[in-house]
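> coords please:
(chains A and B)
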There are 2 protein chains.
Amino acid sequence: MRTLNVHTIPDRAERAAMSPAEARALFAQGLQVPTTGWCARYAQANIISVPQAVAFDMLLFATRNPKPCPVLEVLEAGQVRAPQGSAVYGDPAADIRVDVPRYRVWKEGELVEEASDVREHWRDDLVTFLIGCSFTFEHPMVEAGIPMRHQDAGTNVAMYRTSTRCLPAGDLGGPLVVSMRSIPAAQVADAVRITSRYPAVHGAPVHVGDPAGLGIEDLNSPDYGEAPTIEDGDVPVFWACGVTPQAMVLESRPQIALTHAPGHMLVTDIKDVVYAVP
Amino acid sequence: MRTLNVHTIPDRAERAAMSPAEARALFAQGLQVPTTGWCARYAQANIISVPQAVAFDMLLFATRNPKPCPVLEVLEAGQVRAPQGSAVYGDPAADIRVDVPRYRVWKEGELVEEASDVREHWRDDLVTFLIGCSFTFEHPMVEAGIPMRHQDAGTNVAMYRTSTRCLPAGDLGGPLVVSMRSIPAAQVADAVRITSRYPAVHGAPVHVGDPAGLGIEDLNSPDYGEAPTIEDGDVPVFWACGVTPQAMVLESRPQIALTHAPGHMLVTDIKDVVYAVP
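As a prediction, this is how the structure comes out:
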């Protein structure tokens, strides 16, 4: 494999073959790209950091809404990586303030900045939640021959705010956000079967077909990510999405929140197979 | 069915057929019995109430140790039942201070009292965690023809403190507690297969055979519950147990904690099938 740096964007095979530590090193250098297709078989994670004063409500929001917010790890107040020994993110070289390819900085519910590094916004009372990401189960779907249209098109996945409400927790509430993959009708059952084995990364779809049933008016105008490619005979299949906490931040307006930019995930050190259920 | 009250302890068939609300009404009247075999197919729950000041650490402890501490519901500070609409425990007649057949009251890590009613100890800052219980998956095992030796003997299940440490969270830490069922060797695989479908109620065993590997010296001297019946050809099979938070309380000594007495569970309103994974 070529020696990679921030100036040599890896090709599709290189992205899939890369180790999590190698990928994070590139992102820490400033490479800002969506992580779909990177580091095959390693779990990817959504992140949200909030002040300790709202950390219980955030963890409770995640506990009550495990489909969009399956918690893989929590970094306690001020921690920039998990304790050594954590299989998820215990790498001593890890730093949650730079390891994600692109961040969003939220103040009182307003998106104030996107950045590749959030060290200047860091506070010692920030508690960080790593939340499972559906990019994780794309690899087993691809291996089973299910096309991932957005990967083939080289785009980010399409994500939508829905009319479904999450269960609130304390002062926190908001709508369910979903990611959509258009799946050939003959492979929808396989997609359900495969993804239901991975509840820690959103699991089975929350909705199959009929976007209107989720309050989605136009599949071509996603709220996050990029417009999808939909081929004849495809069915839109919707999975709960880890961008849901960002929709919650918009509504609930914590003093500060740091998140990833949609599709620009933390690549963790844990293999998806660890989370597989029968 | 007979009209039941606290003076007419139901027989085995009556216990299995009872609705959760009927069972809770009996317990609220003061009936103090283990709930193994009660209300077939409804999930049962361990409970622990702690002050709001340690609630984040408790929820994080549960999140990091999902095998012993799968969270089914959280009652926010001062709440004695879940919000209406909660499928787990939203019954408007519910009251977590009386619905459990027997409670334990802990102060600074010392067990100070067992009682059938803890209203006199209630505080408006108590946050209550409902944690899945392995009694839930005994019904599907029985239906599959796997003997439940403790049910046949009319005793509580045997539980043991182990030498395995839980992952700590903030100031909280302690050992893993397990429940043990002795299973005929030819049915161990079935027991694994069936229980692994229910991660919300402890899921697959953490250990099969070899008690010494968990630091258990004598199966006949359990730390909680009653001594087991073990027949020739049985293998001891160990599941993570929701008494684990009580072992944590012993070590971590929160100012106050209210828990169920081991084996004397909260019967919830949710069916086990809701938690089944593929």
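
> residue contacts, the closest residue to chain B within the stretch 51-200 of chain A?
Proximity of the stretch 51-200 of chain A to chain B (Cβ to the nearest Cβ) peaks at A:F56, 4.1 Å away. C-beta: built from backbone N, CA, C; applies to glycine. Counting by Cβ atoms under 8 Å, 6 or more residues apart in numbering or on different chains, A:F56 touches A:G170, B:Q52, B:A55, B:F56, B:L59.

> give me the secondary structure label for the third one.
The three-state assignment at B:A55 reads helix, by DSSP: H, G, I helix; E, B strand; the rest coil.

> can you tell me the closest non-neighbouring residue to it?
Distances taken as Cβ to Cβ, 6 or more residues apart in numbering or on different chains put B:V127 closest to B:A55, at 4.0 Å, once the chain neighbours are dropped.

> and the one you found, that one's in a strand?
Yes. The assignment for B:V127 is a strand, going by three-state DSSP.

> next one: it from B:V112, what distance?
Per Cβ to Cβ, to the nearest Å, B:V127 is found 20 Å from B:V112.

> who's more crowded, the two?
B:V127 (23 against 11; other Cβ atoms under 10 Å in any protein chain shown).

> touching, the more buried one and B:P51? I think so.
Yes. Taking Cβ atoms under 8 Å as the definition, B:V127 is a contact partner of B:P51 at 7.5 Å.

> what does chain A put close to chain B?
Contact residues (Cβ under 8 Å from any Cβ of the partner chain) of chain A with chain B: A:52, A:55-56, A:59-60, A:63-64, A:71, A:74, A:76, A:169-170, A:193, A:196-197, A:199, A:277-278.

> does the nearest residue to A:R64 once chain neighbours are set aside lie in a helix or a strand, and which?
Nearest residue to A:R64 in three dimensions, chain neighbours excluded: A:L167, at 4.2 Å (Cβ to Cβ, 6+ apart). Using DSSP states H and E, A:L167 sits in no helix or strand.

> burial check on A:L167, number of neighbours?
A:L167 has 14 neighbours, counted by other Cβ under 10 Å.

> contacts only, for it.
A:F61, A:R64, A:N65.

> next up, phi/psi of the first one, please.
Okay, so that is A:F61. Dihedral angles phi and psi of A:F61 (degrees, to the nearest 10) take the values phi -60, psi -40.

> now do A:T36, the pLDDT please.
A:T36 is assigned 91 on the pLDDT scale.

> phi and psi next, for it.
Note on A:T36: backbone dihedrals following degrees, to the nearest 10 are phi -60, psi 130.

> please apply the same query to A:S182.
According to degrees, to the nearest 10, A:S182 has phi -90, psi 120.

> for the one 4 residues further on, same thing?
Dihedral pair for A:A186: phi -70, psi -10, per degrees, to the nearest 10.

> that one: neighbour count?
A:A186: 9 neighbours (other Cβ under 10 Å).

> same check on A:Q32?
By other Cβ under 10 Å, the residues close to A:Q32 number 15.

> check A:Q52 too.
For A:Q52, the count of nearby residues is 16 (other Cβ under 10 Å).

> who touches A:V192 in this structure?
Contacts of A:V192 by Cβ under 8 Å, 6+ apart are A:A204, A:P205, A:V208, A:V237.

> what's the answer for A:F27, then?
Counting by Cβ under 8 Å, 6+ apart, A:F27 makes contact with A:V98, A:D99, A:V100, A:P101, A:S116.

> is it true that the fourth one touches A:H264?
Yes. With contact defined as Cβ under 8 Å, A:P101 reaches A:H264; the gap is 4.3 Å.

> coming back round to it: tell me the spacing between the residue of the stretch 51-200 of chain A closest to chain B and A:V112.
When distance is defined by Cβ to Cβ, A:F56 is 25 Å away from A:V112.

> now swap in A:S179 and tell me
Distance, A:S179 to A:V112, by Cβ to Cβ: 25 Å.

> quick one: neighbours of the closest residue in space to A:P147 that isn't next to it in sequence, just the number.
In space, and not counting its chain neighbours, A:P147 is closest to A:P184: 7.0 Å by Cβ to Cβ, 6+ apart. Neighbours of A:P184 under the rule other Cβ under 10 Å: 17.

> now A:P184. Its backbone dihedrals?
Torsion angles at A:P184 (phi, psi; degrees, to the nearest 10) stand at phi -50, psi 140.

> pretty sure it sits against A:D232.
No. Counting by Cβ under 8 Å, A:D232 is not a contact partner of A:P184; they are 9.5 Å apart.

> so how far is the helix or strand that contains A:A13 off the chain centroid?
Using DSSP H and E, A:A13 sits in helix A:12-17. Helix A:12-17 has its C-alpha centroid displaced from the chain centroid by 19 Å (Cα atoms, centre = their mean, to the nearest Å).

> mind listing what's buried in that helix?
For helix A:12-17, a neighbour-count test (16 or more other Cβ atoms under 10 Å in any protein chain shown) marks A:R15, A:A16 as buried.

> helix or strand right after that helix?
Next helix or strand after helix A:12-17 toward the C-terminus (DSSP H and E): helix A:20-29.

> list the buried residues for that next one?
By 16+ other Cβ under 10 Å, the buried positions in helix A:20-29 come out as A:P20, A:E22, A:A23, A:R24, A:A25, A:L26, A:F27, A:A28.

> how many other residues sit next to the closest residue to A:R97 other than its chain neighbours?
Nearest residue to A:R97 in three dimensions, chain neighbours excluded: A:R119, at 4.7 Å (Cβ to Cβ, 6+ apart). By the criterion of other Cβ under 10 Å, A:R119 has 10 neighbours.

> isn't A:R119 right up against A:I96?
No. A:R119 is beyond contact range of A:I96, at 10.2 Å (criterion: Cβ under 8 Å).

> could you chop chain A up by domain?
Split into domains by automatic domain parsing, chain A comes to A:12-134+A:252-275, A:137-245.

> distance from the chain centre to the longest one, please.
What it means is domain A:12-134+A:252-275. Mean C-alpha position of domain A:12-134+A:252-275 versus that of the full chain (Cα atoms, centre = their mean) differs by 8 Å.

> tell me the SS of A:C69?
Of the three states, A:C69 takes coil according to three-state DSSP.

> could you find the closest non-adjacent residue to it?
Leaving aside its chain neighbours, A:C69 sits nearest to A:A62 (3.8 Å; criterion: Cβ to Cβ, 6+ apart).

> B:F129 versus that neighbour, what's the distance?
The gap separating A:A62 from B:F129 is 14 Å, by Cβ to Cβ.

> contact partners for A:P205?
For A:P205, the contact set (Cβ under 8 Å, 6+ apart) comprises A:A191, A:V192, A:T195, A:V237, A:F238, A:W239.

> how about those in a markdown table, adding pLDDT and secondary structure?
Rendered in a markdown table, the data for the contacts of A:P205 read as follows (pLDDT from 0 to 100; DSSP: H, G, I helix; E, B strand; the rest coil):
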| residue | pLDDT | secondary structure |
| --- | --- | --- |
| A:A191 | 96 | helix |
| A:V192 | 95 | helix |
| A:T195 | 96 | helix |
| A:V237 | 97 | strand |
| A:F238 | 98 | strand |
| A:W239 | 97 | strand |
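
> now the buried members of the residues you listed.
Applying 16+ other Cβ under 10 Å to the contacts of A:P205 flags A:A191, A:V192, A:T195, A:V237, A:F238, A:W239 as buried.

> specify which member of the residues you listed is nearest to B:D272.
A:V192 (21.3 Å; Cβ to Cβ).

> please tell me how far that closest one sits from A:D11.
31 Å.

> is the residue nearest to A:P147 bridged to anything, and to what?
Beta-bridge pairing of A:P184 under DSSP bridges involves A:D234.

> what sits against it?
Shown in contact with A:P184 (Cβ under 8 Å, 6+ apart): A:I146, A:P147, A:E231, A:G233, A:D234, A:V235.

> turn the buried ones among the residues you listed into a named ChimeraX selection, would you?
Buried subset of the contacts of A:P184, written as a ChimeraX selection, criterion 16+ other Cβ under 10 Å:
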select /A:146,147,234,235
